[in-house]
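Undergrad: Quick one: sequence plus predicted model below, questions after.
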Amino acid sequence: MKHYDCVVIGTGPAGQKGAIQAAKLGKSVAIIEKNQVLGGAQINTGTIPSKALREAVLTLTGGKRHGVYGSIGQAKRQVTIADLVSFSQRVIRHEWQIISDQFERNGVELLWGQARFTSPNEVAVTGPNGEESISADRFLLGVGTRPARPENVPFNGQTIFTSDEVMRIDHLPKTMIVVGGGVIGTEYACIMATLGVQVTLIEGRNKVLGFLDQEIADAFQYFMRQRGITLRLGEKVEEIKEVEIENGTVKRLVEAQLESGKTIHAESLLYAVGRQGVCNQLGLDKVGIEFDDRERLAVNDYYQTNVEHVYAAGDVIGFPSLASTSMEQGRRAICHAFGCGGGNYNTSLFPYGIYAVPEISMVGKTEEQLTAEGIPYESGVANYREIARGQLLGDELGMLKMLIHQETHKLLGVHVIGTGATELIHLGQAVMALDGDAEFFVNNVFNFPTLTECYKVAAYNGLNKLNNVYSGSCRPVAVNC
């Protein structure tokens, strides 16, 4: 039986970075993948495919040429599923190669097959060539999650499907119901609407993306409606089924019956409510590790499970379930496992990125959180329409908002909606991590014209309010020194 210092289960972002970190520390490492491709949901069904699809849609429909919120003309009628799949697959194949090369360069041994614990330090790997057993001193579980598939929903992969099957549907529907107003549901709703699909989004809460700052969420919902998306908020789906509708001709449609008594019909339905772990397949009872009813694992601040030599990171440990945070969790877990630091530091400054149309990103506190915590703050706002770069990009509706402590002027949160939001957020993140204040943006020079100018304009706007200086617009005016 071959023995390793560390065995990682899953080649998603947490597993990738954890395995490479262990190798960088001079440890013998094996990583196990049950699927026929590397990268987990990040590369194959989640992060990369949805973002590649978004870029393909904006490129092929002309959305980028006319500005994110502008007219996309007639080009969208020519886009096919084949166009979108071809664009996305090029990116995915490139990512597979990058991961494979990284493992090879760092001496990480890749084992294909399903992993199952047979004892606290031994794992059986059932692969294409049979079963082999290996052992290790430390383990990292980065097995991720899969879309929830309730038994009462008649999934068929073509008209009723989850996010895993979006890229496998054989035609672009004219109408679609999206069940779920979380990140996945809203991203795909916006992508499909950009393609000209008539979308109805159903969400049980009274707003989409409930963790967002209220002002940003309100703006996003406005943008969604402007794109023709019908929002059914505060509604829950009671039953989903396929029906035949007679309207001159017989047509087979998907029907969603709501608890409120409404009935909605469409050619297709994307079910995007929650994700489910896969821990039941791992034989964790042999180790003494328990998981919850959604097959997720509980960990401490060092990403240890209740068994100290077994770590877990990524989607399998729950919120925030982002590829970016999963990578860092996997790295930190391995650092702690081999005594070189680690730990859950600075988690309050993990940025969130939502690749809808438009993009949304945030870091730090929302206005609602600051109010609940009794922290005195003021907001500073910059609208893209007042920024030269916003005009050049054709994006006049984007916005950056920073939240400033009333007394110390420290930056408490940054919220952006519009072109480049997921890139723009990192300047605010860096200033917050370094305990910076709003004056940093006033006293430093940024390239012109860039969207980064939003930070300077928003800082002036917030500081003007704190200094009781009236300005009729967000354009900078003198601030008392």
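TA: It's in. Numbering: from 1, shown residues only.
Undergrad: Would you mind confirming that G283 makes contact with P120?
TA: No: if you go by Cβ atoms under 8 Å, G283 and P120 don't touch, sitting 10.8 Å apart. For glycine as for every other residue, the C-beta is placed from the backbone atoms N, C-alpha and C.
Undergrad: What are the boundaries of the helices in the stretch 351-481 of the chain?
TA: Assigned by DSSP state H, counting those that start in this stretch, the helices in the stretch 351-481 of the chain fall at 367-372, 388-393, 421-433, 439-442, 453-466.
Undergrad: As a markdown table, these with mean neighbour count would be great.
TA: Converted to a markdown table, these look like this (neighbours: other Cβ atoms under 10 Å):
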| stretch | mean neighbour count |
| --- | --- |
| helix 367-372 | 14 |
| helix 388-393 | 17 |
| helix 421-433 | 19 |
| helix 439-442 | 18 |
| helix 453-466 | 24 |
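Undergrad: quick one, which of these is nearest to L400?
TA: helix 453-466 (3.9 Å; Cβ to Cβ).
Undergrad: quick one: that closest one to chain centroid distance?
TA: Put simply, helix 453-466 sits 29 Å off its chain's centre (Cα atoms, centre = their mean, to the nearest Å).
Undergrad: Just list what that helix packs against, helices and strands only.
TA: strand 377-383, strand 399-405, helix 421-433, helix 439-442 (3 or more Cβ pairs under 8 Å, 6 or more residues apart in numbering; DSSP states H and E).
Undergrad: I'd like the average pLDDT over it.
TA: The average of the pLDDT scores along helix 453-466 is 96.
Undergrad: before we move on, what about stretch 27-44?
TA: Here the average pLDDT along stretch 27-44 is 88.
Undergrad: Please apply the same query to stretch 419-427.
TA: 96.
Undergrad: same check, this time on stretch 149-169
TA: 91.
Undergrad: Relative to G182, how far out is I354?
TA: I354 sits 10 Å away from G182, going by Cβ to Cβ, to the nearest Å.
Undergrad: list the residues that contact both of those two?
TA: In terms of Cβ atoms under 8 Å, 6 or more residues apart in numbering, I354 and G182 are both contacted by the residues L209.
Undergrad: who has more neighbours, these two?
TA: Each of I354 and G182 has its neighbours counted (other Cβ atoms under 10 Å); I354 has more, 24 against 18.
Undergrad: The closest residue to the more buried one other than its chain neighbours: neighbouring residues, count only.
TA: In this structure, I354 finds its nearest non-sequential neighbour in I360, 4.2 Å apart by Cβ to Cβ, 6 or more residues apart in numbering. I360: 27 surrounding residues under other Cβ under 10 Å.
Undergrad: next one: the one 5 residues further on
TA: Residues near K365, counting by other Cβ under 10 Å, number 22.
Undergrad: Likewise for M399?
TA: A count of nearby residues for M399, using other Cβ under 10 Å, gives 22.
Undergrad: For A421, see how far away it is.
TA: Taking Cβ to Cβ as the measure, M399 falls 9 Å from A421.
Undergrad: Ok, A217 next?
TA: On the measure of Cβ to Cβ, A217 and A421 end up 14 Å apart.
Undergrad: what do you get for E95?
TA: Counting by Cβ to Cβ, the gap from E95 to A421 is 23 Å.
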